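S.K.: can you look at this prediction? I've put the sequence above it.
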Amino acid sequence: MLTEQNKAIVRRYYEEMLNQRRFAIADEIFARDFKPFPDWPPPYGPESIKQMLIFLTTVFPDLRVTVDDELAEDDKVATLVTMYGTHTNAIDYIQGFGAIPPTGRLFEVPEFVLWQVIDGKIVERKTVLDFLPIEFGAGGTGLKPGGECAPSPLS
């Protein structure tokens with residue numbers, strides 16, 4: 001059944017690549033022209049997802065993911081996951097905005113991802129991420145161009 005195979009491919013991303021840090025799996029499951037986000041700069045394909053995961057696991061060395069729900073139909077796989085980690089290194093990924101310094105705080109973030117799998121390779125993903133738990137966990141209330149995050153009222 002194709003939908004079960006597609007779900008297994010997406011689960012490999014979460015279980016093997018992200019949780020086990022086996023980034024080389026990207027060569028097996030991602031298409032050559034895959035982009036983590038529509039505006040992602042080259043390189044594309046497996047190297048792009050490796051770069052993204054290296055960044056995430058550098059900022060959040062204990063990052064782990066649980067798959068909370070998963071549905072598949074045709075070439076699409078929808079996943080609801082929860083990411084957990086500790087903010088131990090600066091978050092600095094949006095050009096023109098200040099870095100969020102490390103706080104050592106734990107976070108729990110829900111993410112919904114719609115994956116497209118064709119011929120056994122992930123070709124696209126669309127994601128909705130609730131970034132607020134990371135930002136509030138990192139001690140911020142909002143990013144300001146060229147500046148630091150304001151202190152959180154939750155701190």
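M.R.: In hand now; what should we look at?
S.K.: alpha carbons only for contacts and neighbour counts from here, please
M.R.: Will do.
S.K.: and Lys7, what does it touch?
M.R.: When the contact criterion is CA atoms under 8 Å, 6 or more residues apart in numbering, the partners of Lys7 are Glu70, Leu71, Ala72, Val77.
S.K.: among those residues, name the ones in strands.
M.R.: Glu70, Leu71, Ala72, Val77 (DSSP state E).
S.K.: beta partners of the residue nearest to the first one when sequence neighbours are not counted?
M.R.: Looking back up the chat, that one is Glu70. Of all residues not flanking Glu70 in the chain, Thr79 sits nearest, at 4.4 Å (CA to CA, 6 or more residues apart in numbering). Thr79 forms beta bridges with Glu70, Val113, as assigned by DSSP bridges.
S.K.: so Asn89 is in which element?
M.R.: Per DSSP states H and E: Asn89 is located in neither a helix nor a strand.
S.K.: please tell me how far it sits from Val109.
M.R.: To Val109, Asn89 is 17 Å away according to CA to CA, to the nearest Å.
S.K.: list the buried ones in the lengthiest helix in the chain?
M.R.: Secondary structure of the chain read by DSSP state H shows that its longest helix is helix 46-59. The neighbour-count check on helix 46-59 (16 or more other CA atoms under 10 Å) flags Pro46, Glu47, Ser48, Ile49, Lys50, Leu53, Ile54, Leu56, Thr57, Thr58, Val59 as buried.
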